[in-house]
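> A structural model of the following input is requested.
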Amino acid sequence: MELNGATPTLDQMSALALTNYGHFTSMLVENGRVRGLSLHMQRLAKDCRFLFDADLDTDRVRDYVRQALAERREAIVVRVTVYDPALNLGTIGSDADPHILVTTREAGAASPSPLRLQAASYQREIPAVKHIGLFGALQRRRAAQREGYDDVLFLNPDGTISELATSNIGFIRDGQVVWPRSEWLSGVTMTLINQALDEPITAKPLTLSDLPGMEAAFATNAATGIRPIASVDGTEWPTEHTMLRELRELYADIPAEPV
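Reported below is the predicted structural model:
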């Protein structure tokens, strides 16, 4: 854990818990390279301008990530969190000096098990921003896991499908990828898949009543890539669908960028 390239103080870290205002991105680093690194940096810069009205030096971000990685070559998940330790509940409107916190954790299994999802009505605040205000999303994920599911699928007030707690969701229908049309966070993995597909991108408003007509479902996340979805509530799908395999192969072939 490093803040602006150095060990953070307790006071600097307490702002994350007590004020909890900032944004982040998480990425899988393999042999010093990241798929979609430029997209991660673009999102950090965009969200920093939105939340702090300040520009972010993404070259400096990459320097700090390289420093945190040192000579490590194993697969590792790096999270970059941008926040200002000087801001508190009373001074949140002050001019900001965004700091860069880099944390690392071991990558999970290369082929994580299929997800079983519970649908729940919820919409994240400012869905297009990858902010650190995760209480509502995690509370609903916890509720789903307490009921025996792996994660939660969010439904908008009108019943349309949006996203998972920390992933996008896509479906296969008639041999094509279908994304829900909604306000959600446009994930880096989702964007890379869309860029790599030869066919036009299909996005439609979807509700739970549309799910039995889907051939398969999957989640996309920078840390896990493309993960099959086994079910949403009582609707089940095969997790070895041909197109899921093709999407994983397509994603694996996307060149990674050096940090």
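
> mind listing what's buried in stretch 114-125?
In terms of neighbour count (16 or more other CB atoms under 10 Å), stretch 114-125 has its buried residues at 114-120, 122-124. C-betas here are computed from N, CA, C, even on glycine.

> Oh, that last question was meant for stretch 157-164, not what I typed.
Residues of stretch 157-164 classed as buried: 160-164 (neighbour count, 16+ other CB under 10 Å).

> wait, which of these is closest to Glu183?
For the buried residues of stretch 157-164, the residue nearest Glu183 by CB to CB is Ser162; the value is 6.7 Å.

> secondary structure class for that closest one?
Counting by DSSP: H, G, I helix; E, B strand; the rest coil, the backbone at Ser162 sits in strand.

> Can you tell me, leaving aside adjacent residues, what's nearest to it?
Nearest non-adjacent residue to Ser162, counting by CB to CB, 6 or more residues apart in numbering: Ser182, 4.0 Å away.

> and the one you found, how many neighbours does it have?
By the measure other CB atoms under 10 Å, the count of residues near Ser182 is 20.

> Kindly report the same for Asn31.
By other CB under 10 Å, the residues close to Asn31 number 11.

> returning to that earlier point: now for the buried residues of stretch 114-125: which two are most distant?
Put simply, by CB to CB the two of those set farthest apart are Pro114 and Gln123, 25.3 Å from each other.

> Contacts for the longest helix belonging to the chain, please.
Determined from DSSP state H, the single longest helix within the chain is helix 37-52. Contacts made with helix 37-52 from outside it, assessed by CB atoms under 8 Å, 6 or more residues apart in numbering, are listed as 21-23, 25, 27, 34, 54-56, 58, 61-62, 80, 82, 84, 96, 98, 129-131, 188, 191-192, 222, 256-259.

> Now list the buried members of the residues you listed.
Using 16+ other CB under 10 Å, the buried ones in these are 21-23, 25, 27, 34, 56, 58, 61-62, 80, 82, 84, 96, 98, 129-131, 188, 191-192, 222, 257, 259.

> Looking at the residues you listed, which are in strands?
When strands are assigned by DSSP state E, the members of the buried ones among the contacts of helix 37-52 inside them are 23, 25, 27, 34, 80, 82, 257.
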